[in-house]
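*Asks:* Predicted model and sequence follow; I will ask about them next.
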Amino acid sequence: MFSSQQISDSLWAGVSPPRAAAPALKGRADTDVAVIGGGFSGLSTALHLARAGHAVTLLEGRSIGFGGSGRNNGQVIPTMTAAEPDAIEERFGEAGERFVGLVRDSASYLFDTVRIEGIDCEGEQTGWFQPAHRESRMKLSEARVNAWAKRGAPVRLLDRGEASRVIGSDRWHGGMYNPTGGHINPLALARGLASACETKGVVIHEASPVETVDRRGGKWHLKTRDGELVARAAMLATNAYTGFLAGGLAPKVARSLVPVLSWQMATTPLSAEQREVVVPGREAVSDTHGDLHFFRFDKRNRLVTGGALAIGYNGPERLKAIVGRRLQEAFPVLGRPEFDFVWNGYIGMTEDRFPFVSQLGPDFWCWAGCNGRGVGLSVSLGRELAAAISGMPEEELALPMSDPRPIPLHSLIKTLAPTAMLPLYRWRDGRD
Ligand SMILES: Cc1cc2nc3c(=O)[nH]c(=O)nc-3n(C[C@H](O)[C@H](O)[C@H](O)COP(=O)(O)OP(=O)(O)OC[C@H]3O[C@@H](n4cnc5c(N)ncnc54)[C@H](O)[C@@H]3O)c2cc1C
């Protein structure tokens, strides 16, 4: 089911503080809230529920951080990829306004959580920069800066000269800068959140894929191979990986997502001279390309970057050539960069590029569909979903509620879309 590139191939697997595996669920157990999935969403929900005094059990199918949370680029970005604040508010009214506020504050909230819980995850709140890859995209950057500034985000529009100083390259044309963003080691963050959960009494079981969820006698019954967890409330936090480990789990949610493989890569550590030129302020950078160009430093001064492929054949070698050339063109000081790590993971795309936050039944919550931008978002949504599970009234929640939106001909679209969409993005990227 998974591509040959496993999480163990990632840079993060090699450099994160180790974690002793939690035992699998065996036999019957009872809890107040059951959380399915040990990524940022599930862990943050569990953490906030435990802080509020709830008994929580989290079931992870493989290991903590096995999904997108342990494999991503670690850019902490306080915006969505495609959904703009005006559109969110128009669609969801006051809940949309509260959600826009959640997104605006999501990067700071993540870094605050890291500080409060004392998590060692190489966090650097150095800012996030979204440079415009064509002169014409400066209009988009300007519109975004205006929209977020109107809602109190500390964003700035940088001109071409400023962009060139931030990035260390004159390939880009200016763009939107937000000082609250930055980057983290994502697997270390997932493991750190898991430890914080356990310290507060959350019971974690790994290697425990949930096969089915049924409601009987007013409770949720979660079945794993060797056990059953019975809970008052439940949270489905399997995101792009819904249906990967157990085909029968939440098929409507799985059919609403197209899992798209995103490739990540890490160079050999850069020299001090190279670092004086390339992103000298160590910001997280991801630009306006649809076929995204992105990079950030890790603690060992590797550039962590990546790219997309329409066809996965011989992926690592082809990417080394494509992304190596791209970096060399932007930063001649790098020469042709060498890559020590190439890995990948699935991003959950939705048809309308907007996530869904849903109630799948009484006290059964879910969100999915980050569309590539969920590091900050999932930690903040975890807080909000924990509040919902604790009984906070809907009119106070920053949750844009909607049902999962199953995609017609899902099996076909799931197979074809990733291959078909990339050429379209590239075509659009080259036009004004
Ligand atoms: C390669 C890549 C790069 C990315 N880069 C960025 C970035 O730089 N910035 C950004 O903001 N976002 C990025 N994202 C998106 C971000 O990683 C995700 O939005 C975020 O991690 C989602 O977290 P999650 O907890 O909701 O889901 P996940 O982390 O995917 O967790 C879901 C978990 O559910 C588990 N699971 C699945 N089925 C079952 C089952 N039946 N029973 C129990 N457990 C189950 C899985 O094993 C998995 O651990 C990237 C994603 C990828 C894949």
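*Replies:* Okay, I see it.
*Asks:* other SSEs contacting the helix or strand containing residue 99?
*Replies:* Assigned by DSSP states H and E, residue 99 falls within helix 85-117. Under the contact criterion of 3 or more CB pairs under 8 Å, 6 or more residues apart in numbering; DSSP states H and E, helix 85-117 touches helix 40-51, strand 75-76, helix 138-150, helix 186-199, helix 375-389. C-betas here are computed from N, CA, C, even on glycine.
*Asks:* could you redo the last one with a cut-off of 6 Å?
*Replies:* Packed against helix 85-117 by the contact rule (3 or more CB pairs under 6 Å, 6 or more residues apart in numbering; DSSP states H and E) you find helix 375-389.
*Asks:* Please state the mean pLDDT value computed over the helix it packs on.
*Replies:* Averaged over helix 375-389, pLDDT sits at 98.
*Asks:* tell me, what residue is most central in this structure?
*Replies:* residue 374 (2.9 Å; CA atoms, centre = their mean).
*Asks:* still on that earlier bit, establish whether the helix holding residue 99 and the ligand are in contact.
*Replies:* No: using CB under 6 Å from any ligand atom, helix 85-117 stays clear of the ligand, coming no nearer than 8.9 Å.
*Asks:* Give me the angle between that helix and helix 375-389.
*Replies:* Regarding helix 85-117 and helix 375-389, their directions subtend 90 degrees when assessed with axes from the mean of the first three to the mean of the last three CA atoms, to 10 degrees.
*Asks:* relative orientation of helix 85-117 and helix 40-51 in degrees?
*Replies:* 60 degrees.
*Asks:* Tell me the gap between helix 85-117 and the middle of its chain.
*Replies:* 14 Å (CA atoms, centre = their mean, to the nearest Å).
*Asks:* and if you look at stretch 317-328?
*Replies:* 24 Å.
*Asks:* how about the helix holding residue 99: buried residues?
*Replies:* 85, 87-89, 92, 95-111, 113-114, 117 (16 or more other CB atoms under 10 Å).
*Asks:* Contact partners for residue 17?
*Replies:* By CB atoms under 6 Å, 6 or more residues apart in numbering, the contact set of residue 17 is residue 188.
*Asks:* where does it land on pLDDT?
*Replies:* Looking at residue 17, its pLDDT is 95.
*Asks:* Could you do the one 5 residues further on as well?
*Replies:* At residue 22 the predicted local confidence, pLDDT, stands at 98.
*Asks:* before we move on, which element is the residue nearest to residue 335 when sequence neighbours are not counted in?
*Replies:* In space, and not counting its chain neighbours, residue 335 is closest to residue 328: 6.6 Å by CB to CB, 6 or more residues apart in numbering. Applying DSSP H and E as the criterion places residue 328 in helix 315-330.
*Asks:* What of residue 423?
*Replies:* With DSSP H and E as the criterion, residue 423 is inside helix 410-429.
*Asks:* roughly how far apart are residue 374 and the ligand?
*Replies:* Remark: distance between residue 374 and the ligand (CB to the nearest ligand atom, to the nearest Å) = 2 Å.
*Asks:* Identify the residue nearest that residue in space, chain neighbours excluded?
*Replies:* residue 68 (6.7 Å).
*Asks:* Then residue 285?
*Replies:* residue 129 (5.1 Å).
*Asks:* Partner strands of the helix or strand containing the one you found and their direction?
*Replies:* Applying DSSP H and E as the criterion places residue 129 in strand 128-131. Next to strand 128-131 in the sheet, as set by DSSP bridges, lie strand 175-178 (antiparallel), strand 284-286 (parallel).
*Asks:* Those: which one's closest to residue 401?
*Replies:* Of all these, strand 175-178 sits nearest to residue 401, with 26.8 Å by CB to CB.
*Asks:* Following element in sequence after that closest one, please.
*Replies:* Next along the chain after strand 175-178, taking DSSP H and E as the criterion, comes strand 182-183.
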